[in-house]
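1. sequence and predicted structure below; questions after.
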Amino acid sequence: MNVREKLAKLKTKIPSEVLLVAVSKTKPAPLIIEAYNEGHRDFGENKVQELVLKQEKLPKDIKWHFIGHLQTNKVKHIASFIHLIHAVDSIKLLKEINKQAVKNNRTINVLIQFHIAKEISKYGIAPNQAIQFFDEVNTLNLLNVKILGVMGMATYTTNQSQIRNEFKLLKNTFDTIKNYSYKNISEFKEISMGMSGDYALAIEQGSTIVRIGSSIFGNI
């Protein structure tokens, strides 16, 4: 199957209320255009330099999602156009995003990343530190950052029960934060979890955004 056929098949499996971010990292522009020509607009990248090059040459109505670990000194390169930053994992990064958003006279949407996996190599805030983190956020008056929800990555394993429990932990963390700080803020509603191998479990546990690459573009 080509990109168009894979994308169409995938969309029959994902509820309409769940946003599909097509992970286009390492993929050449012609493959992205194939998906674009089918009406898809949300694409995810995890390297700043690659994202900037693609943003410059591809259609301007693409909504670019940054899904990788973002260094503070790289924020300035994407601040003028990024649609959503998925993996904010520190107060320092949040402050820098706000600073660069002010410089570009815009508000930047972000998700806060939580560490739900067993692998120590993955980034994110410990779920048991969620309240403490948001207490600090609420003292900062970051007017040019809009926190829309949370993000997390499950352990890379075939153990479905473990993956399900990790996604459940992220959903519970979202609920805790929602009730604590965002009860009356309708924009705080996103849970970004689930990739090609585990998106069905993620949706089952409440995901609102899935990040899928290989099931659309293959493993090249």
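-> Structure's in. What do you need?
2. could you pull out the buried residues of the lengthiest helix in the chain?
-> In the chain, with assignment by DSSP state H, the single longest helix is helix 160-181. Buried positions in helix 160-181, judged by neighbour count with 16 or more other C-beta atoms under 10 Å: 163-164, 166-167, 169-171, 173-174, 177, 181. C-betas here are computed from N, CA, C, even on glycine.
3. other SSEs contacting that helix?
-> Judged by 3 or more C-beta pairs under 8 Å, 6 or more residues apart in numbering; DSSP states H and E, helix 160-181 is in contact with helix 130-137, strand 145-152, strand 190-192, helix 199-204.
4. okay, angle between the second one and helix 130-137 too, please.
-> Going back to what we said before, that points to strand 145-152. With axes from the mean of the first three to the mean of the last three C-alpha atoms, to 10 degrees applied, the angle from strand 145-152 to helix 130-137 works out at 160 degrees.
5. centre of the chain to strand 145-152, how far?
-> Chain-centre distance of strand 145-152: 8 Å, with C-alpha atoms, centre = their mean, to the nearest Å.
6. how about the nearest residue to Gln49, chain neighbours excluded?
-> Excluding the flanking residues, the one nearest Gln49 by C-beta to C-beta, 6 or more residues apart in numbering is His77, at 7.9 Å.
7. Gly194 now?
-> Using C-beta to C-beta, 6+ apart, the nearest residue to Gly194 is Ala202, at 2.6 Å.
8. same question, Ser215
-> Ser196 (4.3 Å).
9. ok, and for the helix or strand where Leu10 lies, which residues are buried?
-> In the assignment (DSSP states H and E), Leu10 maps to helix 3-11. Of all the residues in helix 3-11, those buried under the rule 16+ other C-beta under 10 Å are 3, 6-7, 10.
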